[in-house]
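Participant: sequence and predicted structure below; questions after.
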Amino acid sequence: MRKAFISGNMAIAEGAIIAGMKFFAGYPITPASDIMEYLVERLNEVGGVVVQLEDEITSINAVIGASWAGAKSMTATSGPGFSLMVEALGLAVISETPLVVADIMRTGPSTGVPTKTSQSDVLQVRHGAHGDHIIPVLVPWSVQDAFELTVKAFNIAESLRTPVILLSDAVIAHLWESAVLKDPGEIEVVDRKKPMVPPSEYLPYKPDEDLIPPMASFGDGYNVIVESLVHDEHGYYRQDSDTYRRLITRLTSKIMSNVDKVFEVESYYVNDSKYVVVSYGSTARAALAAVRVLRSSGVKIGLLRLKTLWPLKPEALREPCRNADLVFVAENNTGKIVADVERFVKNAEVVSLPLLDLEVPTPDEIVEGVKEWL
C-alpha cells in the first residue's frame, strides 16, 4: 500500500496494473491520451506491453486478440473513438472475451469540445453495440474511485468473461487528489477460470453451473474458437431458434445473476429524507455539496451516488427512496437515466435536472433546480 498524489487517468492506469493487465492498445484522443502515455513508462516495469495503433478499431481488436492469448487487456478512448469500437465490442460480447474499455467522456456530438467534460456517453455505452447484451458499466467520482473501480472492472471482466466499461469523464481524468494505491494482497484480484478437463473433452462455450465457460487461451493445447456468429457449445455456427435463445439467455443471465457483485451504490443522508438526488461521476460531487447546503437550511434531502450504471439493481434504487416525495436525477446531459429511475421508483415523482455544462456543474445549479420544485 502506498499513498500517491495523482490524476484520475493515472489512477486508472495504476488500477489496471494492480489488476494484472499485461497488454494495452490505444490511439491518442483527448481526454484519454495520458492513460496510454503513463502506461508507456509504467507497464513495461511489470512485464507488460503498450502498443499505439493506427486507430480505435485496430486498438480494440488487438485487445480482443491479446485477451485470447491469455493477457489481461485494456484500451482507453473517448466518445468519438468509442463510436469506432462498438462493432468489435459486440464481438467481445458474443465471443465472451474479457477486456476493459475506459471511456473518458467529453463533449459531443461528433468531435464536440475535446477538452471539456460531459456525461453524454451514458446510453452509447449501454446500447452502442447492436443485439441483445448487457455490458457492465462502472462510474468513478474521484481519483480513489478511479483506481478501485478499474480493479473491479478487470475482476468482473475476468470472472464473468465479458467486456466491462469504465465510464469516467474529463473532470475526473485530470483531477489530482491523494489516493491510497493498494497492492494485490490488499485488494481482490480475480483471474479467469481455466479448463479443468483434458483437451479432448473441452468445449469452448460449454458453461459450468455458474453460466460461465472456462476459457482456454491460444497455445494452451485446447481447441479455441473465437466465433462472432450465433454458436453452440462447440463454437459452431447454428441458425436455429433454440441455439440462439440458449446463447442470448445465458449471455444476459450470467450478468444479471451476478448483479450483486456488479452493482454498487453509495447513499448519503437518505434515512430521514423526503427528497433524494440520484447522480453519478463528477456531477455527484456537486450533488453532494448541494445536498449539504440544502440540509443546512432545513431541507430533508439525501443523495444516491451510483457507482454502477449498468446493470441497475431495482431494489437498490427503490429502498433508499421509499419515503421520498420527490427524486431528482442530476446529470451533465439531457437526462439519460431518468427513465430507468422512473421505472424502479414508483412511490415518488421523478424529476430530471439536466445540467448541460462544459465544466463541473456547480452545487448552486443543483440547489436552484431542487428549490424550483419545493
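Facilitator: Yes, it's here.
Participant: contacting residues for the residue lying closest to Leu89 once chain neighbours are set aside?
Facilitator: Of all residues not flanking Leu89 in the chain, Ala129 sits nearest, at 4.6 Å (CB to CB, 6 or more residues apart in numbering). (Each C-beta comes from the backbone N, C-alpha and C, glycine too.) By CB atoms under 8 Å, 6 or more residues apart in numbering, the residues touching Ala129 are 86-87, 89-90, 93, 135.
Participant: switch to 7 Å and redo it
Facilitator: For Ala129, the contacting residues are 86, 89-90, 93, by CB atoms under 7 Å, 6 or more residues apart in numbering.
Participant: can you check Ala173 too?
Facilitator: By CB under 7 Å, 6+ apart, the neighbours of Ala173 are 7-9, 31, 104.
Participant: again, but for Glu266
Facilitator: Applying CB under 7 Å, 6+ apart, the residues contacting Glu266 are 305, 307.
Participant: how about a cut-off of 10 Å?
Facilitator: Glu266 is in contact with 141, 145, 284, 288, 303-307, counting by CB atoms under 10 Å, 6 or more residues apart in numbering.
Participant: out of those residues, who's nearest Val197?
Facilitator: For these, the residue nearest Val197 by CB to CB is Lys307; the value is 37.0 Å.
Participant: what about that closest one, how many neighbours?
Facilitator: 19 (other CB atoms under 10 Å).
Participant: apart from its chain neighbours, what residue comes closest to it?
Facilitator: For Lys307, the spatially nearest residue (CB to CB, 6+ apart) is Glu264, at 4.0 Å.
Participant: pretty sure that neighbour sits against Leu304.
Facilitator: No - between Glu264 and Leu304 there is no contact under CB atoms under 10 Å: 11.4 Å.
Participant: quick check: neighbours shared by these two?
Facilitator: Ala316.
Participant: the more surrounded of those two?
Facilitator: More neighbours surround Leu304 than the other of Glu264 and Leu304, with 26 against 17 (other CB under 10 Å).
Participant: who touches that one in this structure?
Facilitator: By CB under 10 Å, 6+ apart, the neighbours of Leu304 are 265-268, 270, 273, 276-280, 284, 287, 316-317, 320-321, 324, 327, 329, 341, 345.
Participant: same question for Ala179.
Facilitator: Taking CB under 10 Å, 6+ apart as the test, what Ala179 contacts is 2-8, 10-11, 14-15, 142-148.
Participant: phi first, then psi, for it.
Facilitator: Ala179 adopts backbone torsions of phi -140, psi 150, taken as degrees, to the nearest 10.
Participant: report pLDDT for the residue nearest the centre of the chain.
Facilitator: Note on the chain: the residue nearest the mean C-alpha position is Val137, at 2.6 Å, using CA atoms, centre = their mean. We have a pLDDT of 98 for Val137.
Participant: now do Lys346
Facilitator: The model's pLDDT for Lys346 equals 88.
Participant: for it, grab the count of nearby residues.
Facilitator: Count around Lys346 with other CB under 10 Å applied: 9.
Participant: of the contacts of Ala173, which pair is most distant in space?
Facilitator: Ser7 and Ile104 (11.2 Å).
Participant: more neighbours: which of those two?
Facilitator: Neighbours per residue (other CB under 10 Å) separate Ser7 from Ile104, with Ile104 holding more: 31 against 20.
Participant: which stretches of the chain form strands?
Facilitator: Using DSSP state E, the strands found in the chain span residues 2-7, 23-26, 49-52, 73-77, 99-105, 137-138, 163-169, 176-181, 265-268, 275-280, 301-306, 308-310, 326-331, 349-354.
Participant: okay, those in a markdown table with distance to Arg42 next?
Facilitator: Compiled in a markdown table, these are given as follows (distance: least, CB to CB, whole Å):
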| stretch | distance to Arg42 |
| --- | --- |
| strand 2-7 | 11 |
| strand 23-26 | 10 |
| strand 49-52 | 9 |
| strand 73-77 | 13 |
| strand 99-105 | 15 |
| strand 137-138 | 22 |
| strand 163-169 | 17 |
| strand 176-181 | 12 |
| strand 265-268 | 29 |
| strand 275-280 | 28 |
| strand 301-306 | 29 |
| strand 308-310 | 27 |
| strand 326-331 | 33 |
| strand 349-354 | 38 |
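Participant: which one is Ala66 nearest to, not counting chain neighbours?
Facilitator: Phe23 (3.9 Å).
Participant: so the one you found touches Val51, yeah?
Facilitator: Yes - if you go by CB under 10 Å, Phe23 and Val51 touch, sitting 7.7 Å apart.
Participant: pull up the overlap in contacts between these two.
Facilitator: Contacts common to Phe23 and Val51, judged by CB under 10 Å, 6+ apart, are 62-63, 66, 75.
Participant: most neighbours, which of those residues?
Facilitator: Thr75 (31 neighbours).
Participant: now for Pro114, how many residues are close by?
Facilitator: Neighbourhood size, Pro114 [other CB under 10 Å]: 15.
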